[in-house]
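> quick check, what structure comes out for this input:
(2 chains)
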Amino acid sequence: DGGITQSPKYLFRKEGQNVTLSCEQNLNHDAMYWYRQDPGQGLRLLYYSQIVNDFQKGDIAEGYSVSREKKESFPLTVTSAQKNPTAFYLCASSKGRYYEQYFGPGTRLTVT
Amino acid sequence: GNSVTQMEGPVTLSEEAFLTINCTYTATGYPSLFWYVQYPGEGLQLLLKATKADDKGSNKGFEATYRKETTSFHLEKGSVQVSDSAVYFCALSDRGAAFGNEKLTFGTGTRLTIIP
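A predicted model of the protein is given here:
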């Protein structure tokens, strides 16, 4: 079955450590996205990529970094510069920039 | 810029009640409109979509009609079930947006609880 996988489901880290969240898709989609969701809040866009080896910052990119070396993979690194990293992180993909997005199951990151 | 406004939640209904969740939008180009649903602890699932004015999207008993004259895309269901309890997000994608702004714009979400 085609879809988007995110791993792990739950992640715990100590403050000051960088952590990388995985996102893989086998839908053959060109575009991929990372969002952050805080309790009771909507989604905020971190980064998006329309094509391999290219990506753009979203609404709140500070403290985050991404890479897009392969079409099917779009890992997100939460760096120690992110002041409030505890959140639910969602990855999505779409056929192209104007198409509907399909979401992964999410990774809940807790930093203490 | 683009924006999506949803009715404030939470919304609590009895099973078999009629549901309406309001969604209005502003867009600079030619938006496509979407409703997503998020169950507790999960990612978002696409519920339905409409890509042009007067289109009606439908899925699992839910419907929404793209009304350009009122810039609205209200979600409706005739008889809700306990399993419909979730958070619902309205979103738009603007085909006329300038490069770099062609991403989904989400509403803040409406939490729906159905009681037996």
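> identify each buried residue in the one helix or strand residue A:44 maps to, please.
According to DSSP states H and E, residue A:44 maps onto strand A:43-51. Neighbour-count burial for strand A:43-51 flags A:43, A:45, A:46, A:47, A:48, A:49, A:50 (criterion: 16 or more other Cβ atoms under 10 Å in any protein chain shown). In this view, the C-beta of every residue, glycine as well, is placed from N, C-alpha and C.
> give me the pLDDT for the first one.
On pLDDT, residue A:43 comes in at 90.
> I'd guessed it sits against residue B:103; true?
No - judged on Cβ atoms under 8 Å, residue A:43 makes no contact with residue B:103 at a distance of 10.7 Å.
> what sits opposite the spatially most central residue of chain A in the beta ladder?
Of all residues in chain A, the one closest to the mean position by Cα atoms, centre = their mean is residue A:34, 3.1 Å from it. For residue A:34, the beta-bridge partners are residue A:47, residue A:91 (DSSP bridges).
> isn't it up against residue A:89?
Yes - with contacts defined as Cβ under 8 Å, residue A:34 counts as touching residue A:89 at a distance of 6.7 Å.
> list residues touching both of these two?
residue A:76 (Cβ atoms under 8 Å, 6 or more residues apart in numbering or on different chains).
> how many neighbours does residue 52 have?
As the question left the chain open, I've gone with chain A. 15 (other Cβ atoms under 10 Å in any protein chain shown).
> ah, I was thinking of chain B
Considering only other Cβ under 10 Å, residue B:52 is surrounded by 12 other residues.
> so is it in a helix, a strand, or just coil?
Counting by DSSP: H, G, I helix; E, B strand; the rest coil, the backbone at residue B:52 sits in coil.
> can you give me every residue that contacts it?
B:30, B:32, B:66.
> so how far is residue A:103 from the first one?
Applying Cβ to Cβ, to the nearest Å, one obtains 24 Å for the distance of residue B:30 from residue A:103.
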